[in-house]
Each structure stands twice: as C-alpha cells, then as structure tokens.
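Trainee: Model the following, please.
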Amino acid sequence: MRRAALLDAARVLLVEGGAKALTFAALAGRTGLARSSVYEYFPSRAALVAELCANDFPLWAAEVSAAMDAADTPRAKLGAYVRAQLALATDRRHQAVVAISASELDDTTRAGIRAAHGELAELVVSVLREWGHREPATVAGLLRGVVDAAVAAATSGPGAPPPERVAELAVAFVLDGVAGVGPVAPGALDAQSARGLGDAGHREEPGGAPA
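Mentor: Okay, here's the model as predicted:
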C-alpha cells in the first residue's frame, strides 16, 4: 500500500512540477511518511523512477492494444491505434513520466520499455499484413512517423489545434493518404466510422484486395 502511495505521489509531483519536484522530502510530505521511510522502499530517486516506468509503460501499451482489439476491421484497428497513441501522448501524466524517463533510467528498465513498444509495433505490423500490405514493417514505421508528427502538432504550445482534431486528421492521413482524403471536416471521420468506415465495398485494400 505504501509503495503504491509513493508511486502515486511521484506521478502527481511530476505533473505539478516536473522532474525537479520529485524529491524524497516532497514524497514524504505527500504521503505522511518520514523521509527515512521513503528510503526503505526506494534507495534512490533512480530506483523510484525505474519502478514508476516499469509499472506505467506496459500499462499504457496495454491500453493501446485494448483499443485496437476492440475494433472490428484492420482500418478501424489502425484508427484506434492512432487515436489511443495520441490520447496518451497528450496526457500530462504520461508526458511527465516520459520526460523523466529520458534521462534517469538504467539499461534494464529501458530494455523493458523497448519490449513493450516492440509488442505494439508488431501488433501494427500484423494488422497491416491482415489488411494486405506487401511491406507491413515499412508501413508500420511510416505510421509511427505520422503519430510522432501528430503528437508534435498537438503539443506545440499556445495555438496548437485540439488533440481531438489532430487525431482526426492523423487518422484520415493514415487510412486514406493525403491525396485521397481532400479536406476533412470536423467530425467527418466519426460519421464515416459510424457508416463502417466509408464505402468499404467500393474500396481496394492495399495489395489489390477489395475491402
């Protein structure tokens, strides 16, 4: 219980004040523990950050995987992947943990995080293969680039478009390509999804197979 409370307090401190706010004195104050008691659970800040990341990153990967599993078709699964990734990346807690993980993780924890991301990447490759792409691994890498660009657009500071709008445009870009989409009105992708993601019977799937 106390270990979980310390991890929860660490998340709050990171969101509120960034990496500099994550001190054992602050953790003790948040949880009502003596500072010496905090060291009984985590011998160093690096150990705390490692456990925080080892807990949170696989859970976030599981959220994306669950969103994809809930979709019925390859197109819908890819749309779910983009939306879920963007929702996570624009969440303040996720941003705070990712920021501190960039500089304070040991090799073992980094390897675990890479493994979780690798499982997600393989899911995307599998979906693209099911959809009929002849080069699913390459396309999955390009899709990741679209997600990264969408995250940058949604988190670019004052004046950035709402994350929901960025997600809508990114999904349109991924599913149909720039030339095939044309102007996308707000809400258009949601309406299209309600109709079964467009005229499925008249589309050609990648690789030439009918949708």
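
Trainee: roughly how far out does stretch 85-96 sit from the chain middle?
Mentor: With Cα atoms, centre = their mean, to the nearest Å as the basis, stretch 85-96 stands 7 Å off its chain's centre.

Trainee: Tell me the buried residues in that stretch?
Mentor: In terms of neighbour count (16 or more other Cβ atoms under 10 Å), stretch 85-96 has its buried residues at 85-90, 94-96. Heads up, the C-betas are built off the backbone N, CA and C, glycines and all.

Trainee: Now do the contacts for the nearest residue to F57 once chain neighbours are set aside.
Mentor: With sequence-adjacent residues excluded and distances taken as Cβ to Cβ, 6 or more residues apart in numbering, F57 is closest to I113, at 4.7 Å. Contact analysis of I113 by Cβ atoms under 8 Å, 6 or more residues apart in numbering lists 53-54, 57, 101, 105.

Trainee: how many neighbours does R129 have?
Mentor: R129: 17 surrounding residues under other Cβ atoms under 10 Å.

Trainee: nope, A152 is what I was after
Mentor: 12.

Trainee: before we move on, what about T108?
Mentor: 9.

Trainee: ok, the residue lying closest to L33 once chain neighbours are set aside to V38 distance?
Mentor: Excluding the flanking residues, the one nearest L33 by Cβ to Cβ, 6+ apart is R2, at 6.8 Å. According to Cβ to Cβ, to the nearest Å, R2 and V38 sit 9 Å apart.

Trainee: what residues are up against T155?
Mentor: Counted by Cβ under 8 Å, 6+ apart, T155 has contacts 89-90, 95.

Trainee: try A137
Mentor: V125.

Trainee: What separation do you get for it and L52?
Mentor: 31 Å.

Trainee: what does A66 give?
Mentor: A66 is 21 Å from L52, by Cβ to Cβ.

Trainee: the more surrounded of those two?
Mentor: L52 (25 against 11).

Trainee: Give me the average confidence score over stretch 41-50.
Mentor: Summarised as a single mean, pLDDT over stretch 41-50 is 91.
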